[in-house]
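**Q** Here's a sequence, model it:
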Amino acid sequence: MKSAISYKRIWAVAYPIILGSMAQNLINFTDTAFLGRVGEIALGGGAFGGIFYLAVYMLGLGFGQGEQIVVARRYGENKPAEIGGVVNQSFLFLLGLSVLAFMILRFGSTVILNYGVKSEAVHKATTIFLEYRSFGIFFAFINVVFRSFYIGLGRTKIISYNTFLLAMVNIVFDYLLIFGKFGFPEMGIAGAAIASVMAEITAMIHFVVYTRFFVDVSEYRLFKELRLQYERMVRILKVAIPTMIQQFVSLSVWFAFFLFVEKLGNSALAVSNIIRSIYVILMVPIWGFATASNTLVSYLIGQGEQKQVMQLVYKIALLSIGSVFIIVLLSFWFSRDVLSIYTSDQTLIALGIPVIKVVSVGACLLSVGFVFLSGVAGTGKTNISLYLELVVLTMYVVYTYLVVDVFHGNVTQAWTAEWLYGFMIGVVSWSYLKTGRWKAHKI
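**A** You can find the predicted model right below:
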């Protein structure tokens, strides 16, 4: 990461993450496409189960983001031996957290769904999905440790290879287990959950093997002294806890959004699950550039180059919106064709076309907003990025409640909440970065 400020360097960090995200979201795409052929109930159950799983997974991913920020900072400070300590403590923490996450997914989800899901059929399908999907959280959290280590170092190509492998395994087992092909049992929504677990196990094995043979573990002191080190853990947690809360709350709010949408009927819920899958594809380059913003800002500060941070963030934002705009144009022109991949139901297709246009605009706003927000986190002021997002998410929930429950709007109008979120998160994050209050912060 010698020239972190150049467009070439930004792209070198971001594009493998984007490719990796494409493969990762191919899982979501195939799950939704396959379950759409099973029926509306399976589609709705997959939506709720997938979002609930992601909300819990975001606790681990949030901690991983904190790990990534600290690793990038130590790398910028040229302290490779300290990087292993960060990774080791992260491994121990996430191993413990995975047990708690499993309990929430396996047992706590039933209680939460009892209060939130109106349809008994969708409730049952969601419960079945999570019974199997919950076992994947152990492997998913271990993958977070490796992923954050490699992104923090800027060695992001391994991420794209790993997630491509994960996606391919998921597709194969989706086909075999959802529909019962080649002698495998026909398991429907349970098959989709098991396929995802198999994919996460494969990804973990790939990370372990790659690290063993292609990384100098002695240079970074990886997985040596695997014992709790209180002071080091506290330093990591100061950065990581706000990102954990932020990621969890963010996905929980999206889960709440789907609870609002479910009140509009099974068709509205089914089409929203399809749109969620499409929206995630629109978000792929955004997440790649947001991660680059997070990592490169921290690295740059580690080198003592705080004055270049705003210039760096502007360049990343420009690349981000340029990449998203191309995908948005395609989604506008071929919206009916895209929806036809997920369902042959013409009613759902007609319902989904205007929603695609709404989320396309939302993606453009988020392409800038997420880069600024990740820039705030990259400074190490993750508590500030948490406060900023909590304020905007509160607006998001209130807006959705007003549209659905008070004004009785339709599903297209409900999705305009993404416009409010994308615009406001960009405004508040940019405003904070401009103050420069983060420049003297140490992690």
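
**Q** When you work out contacts or count neighbours from here on, use the C-alpha atoms and nothing else.
**A** Fine.

**Q** in the stretch 251-400 of the chain, what spans have low per-residue confidence?
**A** For the stretch 251-400 of the chain, applying pLDDT under 70 flags no range at all.

**Q** What segments of it are helices?
**A** For the stretch 251-400 of the chain, the helices defined by DSSP state H, counting those that start in this stretch occupy 266-302, 309-333, 335-342, 346-378, 382-401.

**Q** now, of these, which is deepest in the fold?
**A** Highest mean neighbour count of these: helix 266-302, a mean of 25 (counted as mean count of other CA atoms under 10 Å).

**Q** Report the angle between it and helix 346-378.
**A** 20 degrees (axes from the mean of the first three to the mean of the last three CA atoms, to 10 degrees).

**Q** and the helix or strand hosting residue 162, what does it pack onto?
**A** Assigned by DSSP states H and E, residue 162 belongs to helix 157-179. Contact partners of helix 157-179 among helices and strands, from 3 or more CA pairs under 8 Å, 6 or more residues apart in numbering; DSSP states H and E: helix 7-38, helix 137-153, helix 189-214.

**Q** Tell me the gap between that helix and the middle of its chain.
**A** 17 Å (CA atoms, centre = their mean, to the nearest Å).

**Q** Send over that helix as CSV, restricted to the C-alpha atoms.
**A** Taking Å, rounded to 0.1, in the frame of the first residue of the first chain, the C-alpha atoms of helix 157-179 are listed here in CSV:
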residue,chain,number,x,y,z
LYS,A,157,-7.3,-11.0,-4.0
ILE,A,158,-7.7,-14.0,-1.6
ILE,A,159,-11.1,-12.6,-0.6
SER,A,160,-12.4,-12.9,-4.2
TYR,A,161,-11.1,-16.4,-4.6
ASN,A,162,-12.5,-17.5,-1.3
THR,A,163,-16.0,-16.1,-1.8
PHE,A,164,-16.1,-17.4,-5.4
LEU,A,165,-15.5,-20.9,-4.0
LEU,A,166,-18.1,-20.3,-1.3
ALA,A,167,-20.7,-19.3,-4.0
MET,A,168,-20.0,-22.3,-6.2
VAL,A,169,-20.4,-24.7,-3.4
ASN,A,170,-23.7,-23.0,-2.3
ILE,A,171,-25.1,-23.2,-5.9
VAL,A,172,-24.4,-26.9,-6.2
PHE,A,173,-25.9,-27.9,-2.9
ASP,A,174,-28.9,-25.5,-3.4
TYR,A,175,-29.7,-27.4,-6.6
LEU,A,176,-29.2,-30.8,-5.1
LEU,A,177,-30.9,-30.2,-1.7
ILE,A,178,-33.8,-27.8,-2.5
PHE,A,179,-35.1,-29.9,-5.4
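
**Q** Mind pulling up the pLDDT for residue 4?
**A** At residue 4, the pLDDT value in this model is 49.

**Q** quick one: residue 144 and residue 60 touch, right?
**A** Yes: between residue 144 and residue 60 a contact is recorded at 7.1 Å, counting by CA atoms under 8 Å.

**Q** Could you check which of the two is surrounded by more residues?
**A** Taking neighbours as other CA atoms under 10 Å, residue 144 and residue 60 compare with residue 60 leading, 32 against 23.

**Q** who are the neighbours in contact with residue 374?
**A** The contact partners of residue 374, by CA atoms under 8 Å, 6 or more residues apart in numbering, come to 290-291, 293-294, 385.

**Q** Closest to residue 182 out of those residues?
**A** residue 291 (40.1 Å; CA to CA).

**Q** Centre of the chain to stretch 104-114, how far?
**A** 21 Å.

**Q** tell me the mean pLDDT for it?
**A** Stretch 104-114 comes out at a mean pLDDT of 82.

**Q** end to end, how far does that stretch reach?
**A** 14 Å (CA to CA, to the nearest Å).

**Q** which other residues reach that stretch?
**A** Here stretch 104-114 has contacts from 52-53, 56, 123, 127, 130-131, 134, using CA under 8 Å, 6+ apart.

**Q** Pretty sure residue 287 sits against residue 18.
**A** Yes: the pair residue 287 and residue 18 qualifies as a contact (CA under 8 Å) at a distance of 7.2 Å.

**Q** Ignoring the adjacent residues along the chain, who's closest to residue 255?
**A** residue 51 (6.0 Å; CA to CA, 6 or more residues apart in numbering).

**Q** What distance do you get for the one you found to residue 354?
**A** Here residue 51 is placed at a distance of 23 Å from residue 354 (CA to CA).

**Q** try residue 163
**A** Distance from residue 163 to residue 354, counting by CA to CA: 31 Å.

**Q** now the stretch 1-150 of the chain, which segments are flagged as low pLDDT?
**A** 1-5, 19-29, 116.

**Q** what about 50?
**A** By pLDDT under 50, the low-scoring segments of the stretch 1-150 of the chain are 1-4.

**Q** So for stretch 197-214, mean pLDDT?
**A** pLDDT averaged over stretch 197-214 gives 95.

**Q** Just the CA trace of that stretch, in CSV.
**A** Output in CSV follows, covering the C-alpha atoms of stretch 197-214 (Å, rounded to 0.1, in the frame of the first residue of the first chain):
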residue,chain,number,x,y,z
VAL,A,197,-23.6,-24.1,5.9
MET,A,198,-21.7,-26.4,3.5
ALA,A,199,-20.4,-23.3,1.7
GLU,A,200,-19.2,-21.6,4.9
ILE,A,201,-17.3,-24.8,5.9
THR,A,202,-15.6,-24.9,2.5
ALA,A,203,-14.6,-21.3,2.7
MET,A,204,-13.1,-21.8,6.2
ILE,A,205,-11.0,-24.8,5.0
HIS,A,206,-9.7,-22.7,2.1
PHE,A,207,-8.7,-19.8,4.4
VAL,A,208,-6.8,-22.2,6.7
VAL,A,209,-5.0,-24.0,3.9
TYR,A,210,-4.0,-20.7,2.1
THR,A,211,-2.7,-19.1,5.3
ARG,A,212,-0.7,-22.2,6.2
PHE,A,213,1.1,-22.4,2.8
PHE,A,214,1.2,-18.8,1.5
